[in-house]
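Asks: This is the structure alone, sequence omitted:
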């Protein structure tokens, strides 16, 4: 059975707009996006960990063309206190057929707008991270942006490795060693 509907008012034609419309789910100017971002920033600050962040100072001199990295890696001496999420791991050094291998990469998650305000720039490869919970420094070797397009919260996910050439590690005092073989103490 076919039904016919009639109206008193002429129905306007539907406009197809290529740009953002009033019904767009991804409105960049929506004030709710900033609200969700502020809530996420506060959530990381309240439930995250204190982290000392040392900025890598990029300089044009001392760049090695062969290895495509800085020969000496100048790091700022004063840390910046930031908050972020990470899952602390025990540093493992298993021995395999190729020698001792460190397999404990660490992931750190930061709020994007918070880090841009605190650092004045986004995190870059070569920056040093030292959590207050662990007395270990990590060097960032990969930075990714994680985003939730529906409500606009952006994160930096920094993958880092244990920094083995830190002054703290190199300048550790050598323990007193005695040689038990033959009964002589050296």
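Replies: Now that the structure is in, tell me what you want to look at. Computed from a predicted structure; not experimentally measured. Residues are numbered from 1 along each chain as shown.

Asks: packing partners for the longest helix along the chain?
Replies: Criterion DSSP state H: the longest helix present in the chain is helix 31-47. Helix 31-47 makes packing contacts with strand 80-86, strand 106-111, helix 112-119, strand 153-162 when contacts are defined by 3 or more Cβ pairs under 8 Å, 6 or more residues apart in numbering; DSSP states H and E. (C-beta placed from N, C-alpha, C; glycine too.)

Asks: of those, which approaches residue 58 most closely?
Replies: Between residue 58 and those, the shortest gap by Cβ to Cβ is with helix 112-119, which sits at 13.1 Å.

Asks: Can you tell me what sits against that closest one?
Replies: With contacts defined as Cβ atoms under 8 Å, 6 or more residues apart in numbering, helix 112-119 is touched by 37, 41, 44-45, 53, 55, 80, 82-83, 122-123, 145, 154-156.

Asks: Compare the residues you listed and tell me which is most surrounded.
Replies: residue 123 (24 neighbours; other Cβ atoms under 10 Å).

Asks: My read is that it contacts residue 111, right?
Replies: No: between residue 123 and residue 111 there is no contact, the gap being 11.6 Å when judged by Cβ atoms under 8 Å.

Asks: Quick check: neighbours shared by the two?
Replies: With Cβ under 8 Å, 6+ apart as the test, residue 123 and residue 111 both reach residue 156.

Asks: picking up where we left off before, which one of the helices and strands packed on helix 31-47 is the most hemmed in?
Replies: Burial among these, expressed as mean neighbours by mean count of other Cβ atoms under 10 Å, is greatest for strand 106-111, which shows a mean of 22.

Asks: That one - contacts with which helices or strands?
Replies: Packed next to strand 106-111, using 3+ Cβ pairs under 8 Å, 6+ apart, are helix 31-47, strand 80-86, strand 138-148, strand 153-162.

Asks: go with 6 Å
Replies: Using 3 or more Cβ pairs under 6 Å, 6 or more residues apart in numbering; DSSP states H and E as the contact criterion, the elements in contact with strand 106-111 are helix 31-47, strand 80-86, strand 153-162.

Asks: List the pairing partners of the last one within its sheet, with orientation.
Replies: The pairing partners recorded for strand 153-162 under DSSP bridges are strand 106-111 (antiparallel), strand 138-148 (antiparallel).

Asks: low pLDDT regions in this structure?
Replies: Across the chain, residues meeting the criterion (pLDDT under 70) sit at 1-7, 11-33, 70-71, 149-152, 165-186.
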